[in-house]
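> Have a look; sequence and predicted model below, questions after that.
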Amino acid sequence: MTSRDPLLVVIVGPTGSGKTALSLAIASRFNGEIVNCDSVAVYRDFEIGTAKPTAEERARAPHHLLDIVDPREPFTAGDYARMARDTISDISRRGRLPIVAGGTGLYLRALLEGLFEGPPRSEELRDRLRAREKAKGTGYLHRLLTRLDPDAAAAIHANDTPKLVRAIEVCLSSGERMTDMWKRGRDPLQGFRVLKIGLNPDRNALYTRLNERAAKMFDSGLVEETRRLIERHGDDARPLASCGYAQTVQFLRGEINRKLAVWAAQQSHRNYAKRQITWFRREPDVQWITGFGDDAELQARAIDLVASNL
């Protein structure tokens with residue numbers, strides 16, 4: 001990295017902290033384009049439960065890596081890193097400012113630091129792990145990974161079975177923690193100066209927002225959307241394991257009532273935010289700003305920060 005390298009702005013923070021609003025403010029000021037870094041928003045057809053940028057927001061600045069994957073297809077952090085690197089390089093070549101915004105820490109780490117060469121897949125082990133999860137109930141794999149590799153468990157949602165299975169597979173096959181393997185043999189991003197801006201809202205205010213947002217998702221048609229998604233893609237489509245959708249699936253199966261589904265979705269979002277905060281606090285060189293990304297004063301501070309780095 002040199003002082004002549006182009007700038008890459010990265011906006012991180014927990015779900016509901018206003019990353020979209022801040023990325024739009026920076027994009028508007030500096031002729032920028034926004035690159036999604038959310039592992040659920042990459043999937044097509046999933047709208048209400050993902051809090052993707054609205055059509056109006058997308059019209060304010062070009063957005064990339066949204067709605068690019070079929071919900072039945074696997075999509076890894078490595079896939080994301082390759083596509084994101086190509087995208088930010090193209091944005092920069094065209095003389096515009098690339099802005100990566102999202103809350104999936106593993107995707108961001110893959111983009112900026114590269115990925116390790118993990119052990120090969122073992123379908124036999126994967127089948128055993130999936131069978132054990134089915135027998136012991138949701139949460140078993142996450143608890144197992146927490147014992148094997150707490151840092152990896154903090155970065156992976158408890159319902160994200162494919163990522164949990166891979167992380168456990170790496171630990172068991174290699175005899176090492178996956179997070180330790182991340183630190184070796186990676187291919188860091190070259191050719192950019194990276195400015196990381198972190199949003200740090202008040203915890204209670206954030207939880208209030210998340211509770212309100214989850215309830216609004218149900219009022220805005222999350223149940224109907226989830227029913228259509230199951231009919232189109234099957235009930236094992238990968239994004240259906242994410243916050244909000246997982247609880248809606250339980251409601252549609254008759255396992256819980258609507259009120260409990262809303263409460264469980266709210267709790268799931270709060271827990272996810274807590275894990276994101278833990279993850280990003282360990283991210284080096286983040287310029288933290290207290291508040292929400294839709295606050296005008298915070299936006300002005302962030303814009304000054306970007307301007308001082310251009």
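It's in.

> Does Thr290 touch Pro201 like I think?
Yes - between Thr290 and Pro201 there is a contact under C-beta atoms under 8 Å: 7.4 Å. Heads up, the C-betas are built off the backbone N, CA and C, glycines and all.

> Between the two ends of stretch 199-207, what distance do you get?
Terminal residues of stretch 199-207 lie 14 Å apart, using C-alpha to C-alpha, to the nearest Å.

> which other residues reach that stretch?
11-14, 16-19, 22, 209, 270, 273, 288-293, 298 (C-beta atoms under 8 Å, 6 or more residues apart in numbering).

> mind giving me the domain ranges of this structure?
Following automatic domain parsing, the chain resolves into domains at 7-115+186-309, 123-182.

> Quick one: mean pLDDT for the shortest one?
For domain 123-182, the mean per-residue pLDDT is 87.

> got it, and the first one?
In this model, domain 7-115+186-309 has a mean pLDDT of 96.

> what's the span of that domain from first residue to last?
Span of domain 7-115+186-309 from end to end, C-alpha to C-alpha: 8 Å.

> for the chain, which helix is longest?
Counting by DSSP state H, the longest helix found in the chain is helix 258-281.

> Remind me what that helix packs against, helices and strands.
helix 105-113, helix 150-155, helix 203-219, helix 245-252 (3 or more C-beta pairs under 8 Å, 6 or more residues apart in numbering; DSSP states H and E).

> continuing past the second one, what's the next helix or strand?
With elements assigned by DSSP states H and E, the helix or strand that comes after helix 150-155 is helix 161-174.

> And the contacts of that following helix?
Contacts for helix 161-174 (C-beta under 8 Å, 6+ apart): 74, 106, 118-122, 125-126, 129-130, 133, 141-142, 144-145, 148-149, 152-153, 156-158, 176-178, 181, 238, 241.

> Please tell me how far stretch 218-227 is from the chain's geometric centre.
21 Å (C-alpha atoms, centre = their mean, to the nearest Å).

> As PDB, could you dump the C-alpha coordinates of it?
Taking Å, rounded to 0.1, in the frame of the first residue of the first chain, the C-alpha atoms of stretch 218-227 are listed here in PDB:
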ATOM      1  CA  PHE A 218     -44.000  -9.000  10.000                       C
ATOM      2  CA  ASP A 219     -46.500  -6.100   9.500                       C
ATOM      3  CA  SER A 220     -45.100  -5.500   6.000                       C
ATOM      4  CA  GLY A 221     -45.600  -9.000   4.700                       C
ATOM      5  CA  LEU A 222     -42.700 -11.200   5.900                       C
ATOM      6  CA  VAL A 223     -45.000 -14.200   6.500                       C
ATOM      7  CA  GLU A 224     -46.500 -13.900   3.000                       C
ATOM      8  CA  GLU A 225     -43.000 -13.400   1.400                       C
ATOM      9  CA  THR A 226     -41.600 -16.400   3.300                       C
ATOM     10  CA  ARG A 227     -44.500 -18.600   2.200                       C
END
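
> Go through it and flag the buried ones.
For stretch 218-227, the neighbour count (16 or more other C-beta atoms under 10 Å) marks 218, 222-223, 225-226 as buried.

> what's the closest of those to Asp90?
Checking the buried residues of stretch 218-227 against Asp90 by C-beta to C-beta gives Glu225 as the nearest, at 32.0 Å.
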